[in-house]
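**Student:** Here is my input, please return the structure:
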Amino acid sequence: MNNNLKILILYFLFSVLFLGISFFIAYISWWRIDQGTSEFFIIVFSVMLCWIGVGYLSTLISSKIIFNNLKEIGFISPFTLVFNNFFYEKKGLLISKRIKKLFSSFAFPLLFFFIFLFYKIVNFVERTDLTYYRIERIVRIDNISYYKGSKRAHVNLKYDKNKISKVIYLKDTLKNIGDYETIVFSSRNPYIMKSKIEYEENIK
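**Tutor:** Numbers count the residues shown, from 1 in each chain. Predicted coordinates:
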């Protein structure tokens, strides 16, 4: 195996590693994000990991376009590319500006693409789980809150020896604390939960 191929594989493995870890962390925390600030910061941390993975991928693409032979630059981190004068010292100002411009033109679209891809994946999982593993339950509304003009119900559910607290959008705006709401949730992942009215509107 020549050095050029080894460097390419290194870039690819690092990008896949960071992107894979970021997707996994975000996936297991996504439906618990309304449980508190810790889940929110976990999602933010996963976006940071995704950005690093995108950085390695963008460095690979940019370097491949400009140099073709990766042995000319070796394996470098995106931090070295963005924050240090690595290319300025090695290749001069013109090459340094060109590769940073290329890096930015790939990095931001790739980041938005992977965020969009994650969003589509969780939407698919949510729809699949509520279609094939749906359980219907009537729960008491323990609290009411508002978010961007939408009314939200705080409910508690006991399922499979676990107590699950969840915030769901309340379509029936006349309901208040102490009233009851029909919900649907997944038997595989009870944190995938919606009001029955919202679920029925979404599947139309």
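
**Student:** Quick one: name whatever helix or strand follows the top helix by length along the chain.
**Tutor:** The helix spanning the most residues in the chain, taking DSSP state H as the definition, is helix 93-132. Downstream of helix 93-132, the next assigned helix or strand under DSSP states H and E is strand 134-147.

**Student:** Run through who's touching that next one.
**Tutor:** 151-157, 159, 167, 170, 175-187, 196 (C-beta atoms under 8 Å, 6 or more residues apart in numbering). Glycine gets a C-beta too; all of them are placed from N, C-alpha and C.

**Student:** Point out where the chain drops to low pLDDT.
**Tutor:** Applying pLDDT under 70 to the chain picks out residues 1, 35-37, 81-93, 204.

**Student:** domain assignment for it?
**Tutor:** When the chain is parsed with automatic domain parsing, its domains come out as 3-129, 133-202.

**Student:** what's the offset of the first one from the middle of its chain?
**Tutor:** Which is domain 3-129. In this view, domain 3-129 has its centroid 13 Å away from the chain centroid, taken as C-alpha atoms, centre = their mean, to the nearest Å.

**Student:** Could you do the last one as well?
**Tutor:** Taking C-alpha atoms, centre = their mean, one finds the center of domain 133-202 at 23 Å from the center of the full chain.

**Student:** Columns mean neighbour count on top of the domains of the chain, output as CSV?
**Tutor:** As requested, the domains of the chain are exported to CSV (neighbours: other C-beta atoms under 10 Å):
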stretch, mean neighbour count
domain 3-129, 16
domain 133-202, 15
